[in-house]
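Colleague: test case, fold it:
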Amino acid sequence: MEELDGEPTVTFIPGVNSKKRQMCFDWGPGEMLVCETSFNQKGKSETVPGCPFIHIVRKDLDVYSQILRKLFNESHGIFVGLQRIEEELTGKSRKAQLVRVSKNYRSVIRACMEEMHEAAVAIKDPTSGYQFCSQISILSAMELIWNLCEILFIEVAPAGPLLLHLLDWVRLHVCEVDSLSADVLGSENPSKHESFWKLVTILVLQGRLDEARQMLSKEADANPTSVGMCRILGDLMRTMPILSPGNTQTLTELELKWQHWHEECERHLQDGTFASSPHLESLCKIMLGDEAALLEQKEHLSNWYHFLVTRLLYSHPTVKPIDLHFYAQSSLDLFLGGESNPESLDNILMAAFEFDIHQVIKECSIALSNWWFVAHLTDLLDHCNLLQSHNLYFGSNMREFILLEYASGLFAHHSLWQLGVDYFDYCPELGRVSLELHIERIPLSTEQKALKVLRICEQRQMTEQVRSICKILAMKAVRNNRLGSALSWSIRAKDAAFATLVSDRFLRDYCERGCFSDLDLIDNLGPAMMLSDRLTFLGKYREFHRLYGEKRFVDAASLLLSLMTSQIAPRSFWMTLLTDALPLLEQKQVIFSAEKTYELMRCLEDLTSGSGRPVHGEPDALQLQVILAFWVGPTVELRKCALHLRLPTTSPCKRWPLTNSYAS
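Modeller: Reported below is the predicted structural model:
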């Protein structure tokens, strides 16, 4: 196994002192439970009560941020769209589409940053405001890294255009110059503003030479003695050769033109053209790429990568991608000057300039607070065919491993778990197994949520999970005495044993109440009634009542007899079926033929000749004999006897009277 790069971070839990008391913990899918034990370090029980709390330590708190949920939701749509169009991406259109996807990801990050900034301004709580500002800085770093990776790995900008992209990169992330420019230009006399030369210097450092020339023109208008110097320096800015996107000149031509321009700048400096104006002379030195002059502007550069791009602009405008890491490392060393060690962001950017993609992903995984950034960037780079050679030692590739981690974090949230399903879907090796394990842990708090989970499982033919979920819901319904819902879930689970149990509950409830509940469900069982014999009996018995209600007595009698003779009816229910036959026997027209009557009597004899002690729900021998006599020679006395013995006197379904004399 690979060794750890360093010691893992320590998480402090308020109110817990591990030096005085031992701790116990239990891992969950997205969190850990921690509590103090009742034993001291020597193994003896303590009499003094300790901390009574159980602490929940979550590994990914960002999924609980309301603002970051927009980041997760929006990026999910971009991710799924990228997977679906993968087969259509070819040649130049492929590269353009991947760049477009990358820009979409970055736009989502920036939108989230803006919303969080508005929330930070509006909030009055200092603690929450600090948390928002901290999150904004993290998102800003994410966008900075992503933008650089887009330039180097996705667009793969060649020498010449590479510098233009890097200039845009710096300008986008060092944006305080815009507010400074508005402040200076909004004054009555911009050239006399205290920040005028600071603004001009920053514009030159960022390569915004057209804007710098406009500012110099204001200086020339206000100060006649500097008109000549401003005009010369402005001409140098205007004639500086830069390879623009629409320019057809070659790199060799650009280098020759730039060399002549550089020599002209140096000549003006040596001739003392700007000697009478320290500010203009300093600007000329910056345009010559003088390292000492650049380092003097350290406070205006703000960071080493800004220094790097400015240095390349005025010293090596045709830098090749393969040489970037040399200039990046020297710029980092010069800018820091041994005063401080590189931070995590510095290491990530340096790894990118070295074109070490795997190190970028590794450093981001360690430094960032969640897996969102690493998961989506890795997936995009994998679509650029940059990670195929990197497989992990446990059988998965880097992309899949990180996507699995990200999806697992989403499943810890009560609603974002739905996004995690799609991430598991696009992990071909271990995604299916991971989804099955995680979906079983989702708490089915509401039936609506259960239906969502069930739909996901059914769409993916996850038979065992479907059956398990349906069983859970069926058990909940039974405990709440919702027999219709329980029967529906047991049918959906194709669980014959549980369907039998619920059918028995239906029949018992029917005997107690005299009517069926959930008639719509029972009337529309259809082929589902074949799931179990008891369910078949329930459906057919309900059909018997429907036929009787429609006065189709012959059909009802045939069905009733078939339920008895096929042995499909539970033995405890035979007495009810025999009682149901009584009204049909007393009809004026003959319903049961002699042969069918003998069948009924044989069923009665079978029930009578059973074991000496009747099973629960069956009549005893005396009751059976009275019923037999009732059928053979019905008289008022025997009926009264039947009433005295508390035999069923009516059909259990809306109990219709056998005869008027019987009711009397």
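Colleague: where do the strands sit along this structure?
Modeller: Per DSSP state E, the chain carries strands over the ranges 23-27, 31-36, 55-58.
Colleague: what's the mean pLDDT across the shortest one?
Modeller: Strand 55-58 carries an average pLDDT of 61.
Colleague: what does the second one give?
Modeller: Computed over strand 31-36, the mean pLDDT rounds to 68.
Colleague: what of the first one?
Modeller: pLDDT averaged over strand 23-27 equals 66, rounded to a whole number.
Colleague: low-scoring stretches of the stretch 1-150 of the chain, by residue?
Modeller: Along the stretch 1-150 of the chain, the model assigns pLDDT under 70 to residues 1-21, 25-34, 38-65, 87-92.
Colleague: so where's the stretch 251-400 of the chain uncertain?
Modeller: 338-339, 389-396.
Colleague: ok, 90 please
Modeller: Along the stretch 251-400 of the chain, the parts satisfying pLDDT under 90 run over 251-254, 272, 275-276, 298-302, 336-342, 366-370, 384-398.
Colleague: residues contacting the nearest residue to residue 410 once chain neighbours are set aside?
Modeller: Among residues not flanking residue 410 along the chain, residue 420 sits closest, at 3.5 Å (C-beta to C-beta, 6 or more residues apart in numbering). All C-beta atoms are positioned from the backbone trio N, CA, C, and that covers glycine. Neighbour list for residue 420: 406, 407, 408, 409, 410, 411, 438 [criterion: C-beta atoms under 8 Å, 6 or more residues apart in numbering].
Colleague: who touches residue 472 in this structure?
Modeller: Contacts of residue 472 by C-beta under 8 Å, 6+ apart are 444, 450.
Colleague: try it again at 7 Å.
Modeller: Applying C-beta atoms under 7 Å, 6 or more residues apart in numbering to residue 472 gives the contacts residue 444.
Colleague: so residue 548 makes contact with residue 556?
Modeller: Yes: counting by C-beta atoms under 7 Å, residue 548 touches residue 556, with 4.5 Å between them.
Colleague: any idea how far the nearest residue in space to residue 438 that is not next to it in sequence lies from residue 384?
Modeller: Excluding the flanking residues, the one nearest residue 438 by C-beta to C-beta, 6+ apart is residue 411, at 4.6 Å. Look at residue 411 and residue 384: by C-beta to C-beta, to the nearest Å, they are 28 Å apart.
Colleague: more crowded one of these two?
Modeller: residue 411 (24 against 17; other C-beta atoms under 10 Å).
Colleague: any idea how far residue 140 is from that one?
Modeller: Taking C-beta to C-beta, one finds residue 411 at 28 Å from residue 140.
Colleague: then stretch 76-86 to CSV, C-alphas only?
Modeller: Coordinates of each C-alpha in stretch 76-86 appear next as CSV, following Å, rounded to 0.1, in the frame of the first residue of the first chain:
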residue,chain,number,x,y,z
HIS,A,76,-24.5,17.8,-11.6
GLY,A,77,-26.3,18.9,-14.7
ILE,A,78,-23.0,19.8,-16.5
PHE,A,79,-21.5,16.4,-15.4
VAL,A,80,-24.4,14.3,-16.7
GLY,A,81,-24.4,16.3,-20.0
LEU,A,82,-20.7,15.7,-20.5
GLN,A,83,-21.2,11.9,-20.0
ARG,A,84,-24.0,11.8,-22.5
ILE,A,85,-22.3,13.7,-25.3
GLU,A,86,-19.0,11.8,-25.0
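Colleague: buried sites along it?
Modeller: 76, 78, 79, 82 (16 or more other C-beta atoms under 10 Å).
Colleague: all helices of the stretch 451-600 of the chain, in order?
Modeller: 463-479, 483-492, 496-513, 519-523, 533-549, 553-565, 574-585, 594-608 (DSSP state H, counting those that start in this stretch).
Colleague: so who does the residue lying closest to residue 255 once chain neighbours are set aside touch?
Modeller: Nearest non-adjacent residue to residue 255, counting by C-beta to C-beta, 6+ apart: residue 318, 5.6 Å away. Applying C-beta under 7 Å, 6+ apart to residue 318 gives the contacts 159, 160, 251, 254, 255.
Colleague: turn these into CSV, including neighbour count.
Modeller: Formatted as CSV, the contacts of residue 318 follow (neighbours: other C-beta atoms under 10 Å):
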residue, neighbour count
159, 17
160, 21
251, 14
254, 18
255, 16
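Colleague: helices - which of those land there?
Modeller: Using DSSP state H, the subset of those located in helices is 251, 254, 255.
Colleague: buried residues in the longest helix seen in the chain, which are they?
Modeller: Across the chain, the helix with the greatest residue count (assigned by DSSP H) is helix 91-122. Across helix 91-122, burial judged by 16+ other C-beta under 10 Å covers 94, 97-99, 101-102, 105-106, 108-109, 112-113, 116, 119-120.
Colleague: how close does residue 72 sit to residue 36?
Modeller: Residue 72 is 35 Å from residue 36, by C-beta to C-beta.
Colleague: no further queries at this time; thank you.
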